[in-house]
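> Curious how this folds, go ahead:
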Amino acid sequence: MNSNPNTFPLRPLLVGIAAIALTTLVFDRARAGGGNFYPPVSDPVVVEECGGCHMAFPAALLPARSWQAMMADLGNHFGEDASLDADTNARITRYLTDNAGDRGGQRYAGKLFRGLSASQAPLRITELPKWVKEHRELTPREWAAPEVKTKANCVACHRDAERGFFEDD
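Alright, predicted model coming up:
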């Protein structure tokens, strides 16, 4: 213990500065990503059921009408039978539509749905005009790379995609 009353304790000051710097870094990253941050899925049932086969895509990446259409036909989910019991289906549908890019996740969707008419309900995020524009420079060879394999494999190029960050790495 320091007995000199004129000495300022340095350790608490350094811890405080470090905490402020870390907080600033996290918030700046989310803000810098702007239209590239979408809140990751927070419902454990959605994470388990959807994330069991592929990345649990943030709900804000599609409008509610798309999630409703997708969840209504899980027997043919991109060529797979992803059927769920009625209660689980209802819970996941409610979560996805409540947090969709045109509802609760609207502040994150920003320009994502630009060029999409109110009647369109794309089932693939890769069909959104902004997604197509953002990925237009990638070649078929890049998409076919063993570590990528499919356009739905966001984490192949965006290492923090599961945390909601879709900046280029």
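
> Next up, the contacts around residue 38.
By C-beta atoms under 8 Å, 6 or more residues apart in numbering, the contact list for residue 38 reads 58, 60-61, 101, 105, 108-109, 164, 166. C-betas here are computed from N, CA, C, even on glycine.

> what's the nearest residue to it if we skip its chain neighbours?
Residue nearest to residue 38 in three dimensions, not counting chain neighbours: residue 58, with 3.7 Å by C-beta to C-beta, 6 or more residues apart in numbering.

> residues touching that neighbour, list them.
With the criterion set at C-beta under 8 Å, 6+ apart, residue 58 makes contact with 38-41, 99, 105, 108, 164.

> Name all residues that make contact with residue 41.
Shown in contact with residue 41 (C-beta under 8 Å, 6+ apart): 47, 50-51, 56-59, 95.

> Now render these as CSV, adding secondary structure, pLDDT and distance to residue 68.
Formatted as CSV, the entries for the contacts of residue 41 read as follows, by DSSP: H, G, I helix; E, B strand; the rest coil; pLDDT from 0 to 100; distance: C-beta to C-beta, whole Å:
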residue, secondary structure, pLDDT, distance to residue 68
47, helix, 97, 20
50, helix, 96, 15
51, helix, 94, 20
56, coil, 96, 17
57, coil, 96, 15
58, coil, 97, 17
59, helix, 97, 12
95, helix, 98, 12
